[in-house]
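Engineer: Show me how the following folds:
(one chain, ligands or ions: 1)
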Amino acid sequence: NRKKDFLGKRVLITLGPTQENIDPVRFISNHSSGKMGFEIAKAFQHAGAIVSVVAGPVHLDLSQFTTHRVTSANEMFEVANRLHSEQDICVFAAAVADYAPSEIAKEKIKKLDSEAVIHLKKNPDIALELGRKKKPNQLHIGFALETEQEERYALEKLHKKNLDWIVLNSARDEGAGFKVDTNKVSIFHSSGRVTHSAVIPKSEVAQLILNEIKLG
Ligand code: C5P
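Structural biologist: The predicted structure is shown next:
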């Protein structure tokens with residue numbers, strides 16, 4: 001009975017992109033739709049978990065969850081950090097912008113006749129920061145989207161961010177990654193266990209991830 005597998009477990013899921021303001025009318029962002037995180041949130045909710053979602057700007061109906069909508073990486077970090085200690089499981093599915101403009105211009109930046117330069121500063125790495133204070137009874141799951149040396153980079157992130165699982169989607173595969181409803185993943189556990197999937201709907205990837213967690 002799948003319904004009871006995560007009964008009463010507290011699960012935090014970050015999803016979607018973040019937007020980093022340049023000036024009052026412009027921002028830096030990415031193509032994340034939040035669909036993978038959404039499917040994971042639904043799967044946990046069906047399995048009886050108490051789900052909290054921290055969502056960047058996405059076009060998804062998140063009304064079935066306790067949802068915190070945020071815009072920037074700093075806001076996402078602030079909310080996730082506040083909720084972290086009470087969670088049993090954290091899933092870092094957000095495509096957090098790595099950089100934000102060093103300063104947000106108060107007024108709309110004027111067009112120049114020359115090249116323009118935007119100075120960027122590094123954003124907080126939410127999975128890394130929360131990984132530093134992860135307790136032994138907490139489980140952290142991250143994602144990696146790579147275009148080359150996929151397995152190597154995924155394993156580096158698994159260790160660096162103190163994750164228990166990392167889900168690798170290769171940007172090289174048709175029907176995987178941003179925007180589409182399907183995905184093809186490899187799931188690496190810190191113990192060395194690996195599970196590979198075919199190209200399957202993101203809802204099935206979510207179920208696969210829950211199954212892996214259940215098996216431990
Ligand atoms: O961007 P990167 O490939 O390092 O992302 C790997 C994992 O870390 C993902 O689970 C992502 O959600 C998380 N991450 C984060 N905060 C960042 C960058 C990435 O939580 N600033």
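Engineer: and this protein, which of its residues are near the ligand?
Structural biologist: With C-beta under 6 Å from any ligand atom as the criterion, the chain meets the ligand at residues 73, 92-94, 96, 123, 125-127, 142-144, 157, 161. C-betas here are computed from N, CA, C, even on glycine.
Engineer: Quick check: pLDDT value at the residue nearest the centre of the chain.
Structural biologist: To find the centre residue of the chain, average its C-alpha atoms and take the closest one (C-alpha atoms, centre = their mean): that gives Ala93, at 1.7 Å. In this model, Ala93 is scored at 98, pLDDT.
Engineer: what's the closest non-adjacent residue to it?
Structural biologist: Nearest non-adjacent residue to Ala93, counting by C-beta to C-beta, 6 or more residues apart in numbering: Gly37, 3.4 Å away.
Engineer: In PDB, list the C-alpha atoms belonging to the one helix or strand that neighbour maps to.
Structural biologist: Gly37 belongs to helix 35-46 when elements are defined using DSSP states H and E. Extracted as PDB, the C-alpha positions of helix 35-46 are listed here (Å, rounded to 0.1, in the frame of the first residue of the first chain):
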ATOM      1  CA  LYS A  35       7.700  20.000 -13.500                       C
ATOM      2  CA  MET A  36      10.000  17.400 -12.000                       C
ATOM      3  CA  GLY A  37       9.700  18.900  -8.500                       C
ATOM      4  CA  PHE A  38       6.000  19.200  -8.900                       C
ATOM      5  CA  GLU A  39       5.700  15.500  -9.700                       C
ATOM      6  CA  ILE A  40       7.900  14.600  -6.700                       C
ATOM      7  CA  ALA A  41       5.700  16.800  -4.500                       C
ATOM      8  CA  LYS A  42       2.500  15.100  -5.800                       C
ATOM      9  CA  ALA A  43       4.100  11.600  -5.300                       C
ATOM     10  CA  PHE A  44       5.100  12.300  -1.700                       C
ATOM     11  CA  GLN A  45       1.700  13.800  -0.900                       C
ATOM     12  CA  HIS A  46      -0.100  10.700  -2.300                       C
END
